[in-house]
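Asker: Structure for the following, please:
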Amino acid sequence: MTRCEWAGPEQIYIDYHDTEWGVPEYDSRALWEKLVLDGFQAGLSWITILKKRDAFRTAFEGFDPHVIARWSEQDVQRLLSNSGIIRHRGKIEATITNAQAWLEMEEEGGFDSFMWDRVGGAPLQNRFERQADVPPKTALSEQVSKDLKKAGFKFCGPTIVYAWMEACGLVNDHLVGCHRHDFCARLQRD
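Answerer: Residues are numbered from 1 along each chain as shown. Below is the predicted model:
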């Protein structure tokens, strides 16, 4: 079975690639969770986040933005002492700020609508043959990053945003030879 070049060798990475990465995500809260995790990944490998994802979900109360938006310095300190997650003050504080921004965006039409409108409501279908052809960012991810920052989000630079768009299926960047490319291309909403 042919996979994207980055998928492996660890089974957790293969499973993520084969079941989750590139599948269009339409749930607003789930989109936000994945953006937060991509922000925590900055400067680290994605496998690190995958291995800690369950601990993150526990520490961040299921990534419920309604809860996280009300957190205080006491919660930041609690998370800074949690060895199961990435203990980075700036990223933890950004998660609280991002929860507040997400709540505002939800009231203004929805975070999910905000994102899917950026791609015309359907995943962008790329046809890259080699991993080296896949860009780390695009003009679209640069614009989305600016829009998110304008809305109050942090840790959402264009490279983070592009990786997030790939992970959430807003962009189909499975290589054309990968067994998941055509599968994910068929998953878009009608």
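
Asker: mean confidence for the top helix by length along the chain?
Answerer: The single longest helix within the chain, with elements called by DSSP state H, is helix 89-107. Confidence over helix 89-107 (mean pLDDT, whole number) is 98.

Asker: That helix: how far from the chain's middle?
Answerer: 14 Å (CA atoms, centre = their mean, to the nearest Å).

Asker: Residues contacting that helix, please?
Answerer: 28, 32, 35-36, 39-40, 42, 60, 65-66, 68-69, 71, 75-76, 79-80, 111, 114, 148, 151-156 (CB atoms under 8 Å, 6 or more residues apart in numbering). Quick note: C-beta positions are derived from backbone N, CA and C, even for glycine.

Asker: Against residue 24, how distant is residue 188?
Answerer: 6 Å (CB to CB, to the nearest Å).

Asker: let me redo that: residue 136
Answerer: In terms of CB to CB, residue 136 sits 21 Å off from residue 24.

Asker: Equivalent analysis for residue 169, please.
Answerer: Where residue 24 is concerned, residue 169 sits at a distance of 4 Å (CB to CB).

Asker: Residue 109 now?
Answerer: 19 Å.

Asker: Neighbour count: those two, which is higher?
Answerer: More crowded of residue 109 and residue 24, by other CB atoms under 10 Å: residue 24, with 18 against 10.

Asker: Residue 68 against residue 59, yeah?
Answerer: No: assessed by CB atoms under 8 Å, residue 68 is found out of contact with residue 59, at 10.4 Å.

Asker: Which of the two has more residues huddled nearby?
Answerer: Between residue 68 and residue 59, counted using other CB under 10 Å, the more crowded position is residue 68 (23 against 16).

Asker: For the more buried one, which non-adjacent residue is closest in space?
Answerer: residue 99 (3.9 Å; CB to CB, 6 or more residues apart in numbering).

Asker: Give me the distance between the one you found and residue 111.
Answerer: 11 Å.

Asker: cool, residue 134 as well?
Answerer: On the measure of CB to CB, residue 134 and residue 111 end up 25 Å apart.

Asker: If you count surrounding residues, which of the two has more?
Answerer: residue 111 (24 against 18).

Asker: residues in contact with the more buried one?
Answerer: Applying CB under 8 Å, 6+ apart, the residues near residue 111 are 28, 31, 32, 102, 105.

Asker: With residue 32 instead?
Answerer: If you count contacts by CB under 8 Å, 6+ apart, residue 32 has them with 63, 65, 98, 99, 102, 111.

Asker: Could you rerun that using 10 Å?
Answerer: Listed by CB atoms under 10 Å, 6 or more residues apart in numbering, the contact set of residue 32 reads 63-65, 68, 95, 98-99, 101-103, 105-106, 111-112, 115, 153.
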